[in-house]
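Visitor: sequence and predicted model, in that order:
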Amino acid sequence: MSTQTTHQFAEKVALVSDASGPIGRAAAMQLALQGCFVVGLFPFSNGKETLNELVELGTLAHALYIDPSSETNAVEAAAEVDRLFGRLDLLVNCLKFKPDSAFEDTNESVFMETLSKNIGSATFLTRAVFGLMKNRPKPKIVNVVSRSASDTPVFAASQAGIKSLTRSMASSFPANFRVNCVEIEEKASVDQGTEGGLFTLGSKPAADDVARTVLFLLSSESILLNGQVVSVG
């Protein structure tokens, strides 16, 4: 990353929708190293260990135990960013929820939770912070999705919805915005079994490498990219 880009990250305010997950954690750390003030959301109760680690490393300017998959919670998160900084330059929507239920066991409750935690969180949080971003000179949003052969149909639909949401935001938001998407592809590979049989293994890119792509899309080097889905893996 160029010296100019590193300088441009300095003192920017960034919000990460799930700093407890591997992608959000890596993005938060790299943004902080580039000089950003990072606000991390921790939507799941099992994120305390990651929170403590990020605090000890001096990564987070602020941490909030908020799940942005509801409109009320997203507005609460935006209000806290407003109170702390009065502005927002960068947004990373990376919250992921994969249901354990097979498709035939997916009831209405699981269906609604899958949609709300995935496409709902990206929608509600972006809308809640829109007023904090629209007057910034170069506000940028990166949505993160994932895809693998083992995804349930409902989860896959939620990820496709986020990609469509990205394109729609890019075309309808004010001209100073840049909205792009990173798609993590978990590819299948064939390996040799112990008795000569073949079996399939899943492989996906490291979180740090995905976070570097996220930072590229948040940087000035990606100024000509808008509404794009960048696949990694």
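Guide: Structure's in. What do you need?
Visitor: can you give me the buried ones in stretch 212-225?
Guide: For stretch 212-225, the neighbour count (16 or more other Cβ atoms under 10 Å) marks 212-219, 222 as buried. C-beta: built from backbone N, CA, C; applies to glycine.
Visitor: specify which member of those residues is nearest to S150.
Guide: T213 (22.4 Å; Cβ to Cβ).
Visitor: okay, the closest one: pLDDT?
Guide: pLDDT, T213: 97.
Visitor: how about E49?
Guide: 72.
Visitor: SS state for it?
Guide: Under the three-state scheme (DSSP: H, G, I helix; E, B strand; the rest coil), E49 adopts helix.
Visitor: of the buried residues of stretch 212-225, closest to F97?
Guide: Nearest to F97 among the buried residues of stretch 212-225, with distances taken as Cβ to Cβ, is V214, at 19.0 Å.
Visitor: surely that closest one is in contact with A28?
Guide: No. Contact between V214 and A28 fails when scored by Cβ atoms under 8 Å: they sit 10.3 Å apart.
Visitor: next, find the distance separating the most centrally placed residue in the chain from E104.
Guide: Centroid-nearest residue in the chain, with Cα atoms, centre = their mean: C94, separated by 2.0 Å. Distance of C94 to E104, given as Cβ to Cβ, to the nearest Å: 29 Å.
Visitor: G161 now?
Guide: Separation of G161 from E104 (Cβ to Cβ) stands at 22 Å.
Visitor: got it, and A63?
Guide: 39 Å.
Visitor: pick out whichever of those two has more residues nearby.
Guide: A63 (21 against 5; other Cβ atoms under 10 Å).
Visitor: and whichever strand or helix holds that one, what other elements does it pack with?
Guide: Per DSSP states H and E: A63 is located in strand 60-64. Secondary-structure packing of strand 60-64 (3 or more Cβ pairs under 8 Å, 6 or more residues apart in numbering; DSSP states H and E): strand 37-41, helix 48-56, helix 71-84.
Visitor: which residues does the second one contact?
Guide: By Cβ atoms under 8 Å, 6 or more residues apart in numbering, the surrounding residues in contact with helix 48-56 are 19-20, 25, 28-29, 40, 42, 60, 63.
Visitor: for that helix, which positions count as buried?
Guide: Quick answer for helix 48-56 (16+ other Cβ under 10 Å): 50-51, 54.
Visitor: report the angle between that helix and strand 37-41.
Guide: Angle, helix 48-56 to strand 37-41, by axes from the mean of the first three to the mean of the last three Cα atoms, to 10 degrees: 170 degrees.
Visitor: list the buried residues of the lengthiest helix in the chain.
Guide: In the chain, with assignment by DSSP state H, the single longest helix is helix 153-172. Under the neighbour-count criterion of 16+ other Cβ under 10 Å, helix 153-172 has 154-156, 158-159, 161-163, 165-167, 169-170 buried.
Visitor: which one of those residues is nearest C181?
Guide: Using Cβ to Cβ, the buried residues of helix 153-172 come closest to C181 at T166, 4.1 Å.
Visitor: pretty sure the closest one sits against V229.
Guide: Yes. Contact criterion Cβ under 8 Å: T166 and V229 qualify, at 6.7 Å.
Visitor: what touches both of those two?
Guide: Contacts common to T166 and V229, judged by Cβ under 8 Å, 6+ apart, are 180-181.
Visitor: what is the neighbour count of N135?
Guide: Around N135 there are 10 residues (other Cβ under 10 Å).
Visitor: for it, give its distance to N73.
Guide: From N135 to N73 the distance is 24 Å (Cβ to Cβ).
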